[in-house]
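Undergrad: Sequence below, structure please.
(chains A and B)
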Amino acid sequence: QVQLVQSGAEVKKPGASVKVSCKIFGYTFTDYYLHWVRQAPGQGLEWMGWINPDSGGTNYAQKFQGRVTLTRDTSITTVYMELSRLGSDDGAVYYCASVYNTGWDFEYWGQGTLVTVSS
Amino acid sequence: QSALTQPASVSGSPGQSITISCSGTSSDVGGYNYVSWYQQHPGKVPKLMIYNVNKRPSGVSNRFSGSKSGYTASLTISGLLAEDEADYYCTSYTSSSTYVFGTGTKVTVL
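TA: Take a look at the predicted model:
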């Protein structure tokens, strides 16, 4: 069955970078875009960007332009989200989400990765 | 890209119907039928409830329905149950080939 498995929680200092992985199981990796969404404590969902696992093409929310990089490794069916120059307001749960099935909607989600930013 | 506008909270008694609105612009909700809705219980992963404005994924109760008029999409929950108490988010594809979420609505079952 379809599963998205993310890497574990991270604690980072302000100004550092974090890289979160998302491994895909259960469908052809290159067939569906993969998105990243974050949720700060007590806050709403925030879309960050997508990657086309086939071509490697990406698109990012304007808010994160220049600070987020999405990459993939097709050999291990894994997508990565790297966020640089972390600030205290980047502390959040980061989710990967696949548009598998509908092609446009986030039907399958990773379990979430908590990123804590603290000096 | 500004977040889509949703009411902060909506409440209803068991068995009643409630509607959550999601207001956008011509660049998102008004321009595309790629509007979807997500349910999120505390501490849980969001769950897709409605896609393409009004389609339900397999396994989602037909008590959930969606619609759109102009720049505003809506999610209606009929026959409200205690288990429907959760946060709900809309999202839309945009003219920049990006996505934008709504501000979120807390549904309370009285």
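Undergrad: can you pull the contacts of residue A:56?
TA: Residue A:56 makes contact with A:71-72, according to Cβ atoms under 8 Å, 6 or more residues apart in numbering or on different chains. Every C-beta, even on glycine, is put in place using the N, C-alpha and C of the backbone.
Undergrad: Tell me how many other residues crowd residue B:21.
TA: By the criterion of other Cβ atoms under 10 Å in any protein chain shown, residue B:21 has 17 neighbours.
Undergrad: can you tell me the helix or strand for it?
TA: In the assignment (DSSP states H and E), residue B:21 maps to strand B:18-23.
Undergrad: With residue B:67 instead?
TA: Following DSSP H and E, one finds residue B:67 within strand B:64-69.
Undergrad: Quick check, residue A:90 in contact with residue A:115.
TA: Yes. Residue A:90 lies in contact with residue A:115 (Cβ atoms under 8 Å); the separation is 6.7 Å.
Undergrad: Now list whatever residues contact both of the two.
TA: With Cβ under 8 Å, 6+ apart, residue A:90 and residue A:115 have common neighbours residue A:83.
Undergrad: average pLDDT for stretch B:12-29?
TA: Across stretch B:12-29, pLDDT averages out at 97.
Undergrad: do that stretch and chain A meet?
TA: No. Stretch B:12-29 lies out of reach of chain A by Cβ under 8 Å from any Cβ of the partner chain, never closer than 11.3 Å.
Undergrad: can you list contacts of the strand holding residue B:67?
TA: B:29, B:33, B:35, B:37, B:49-50, B:53-56, B:73-78.
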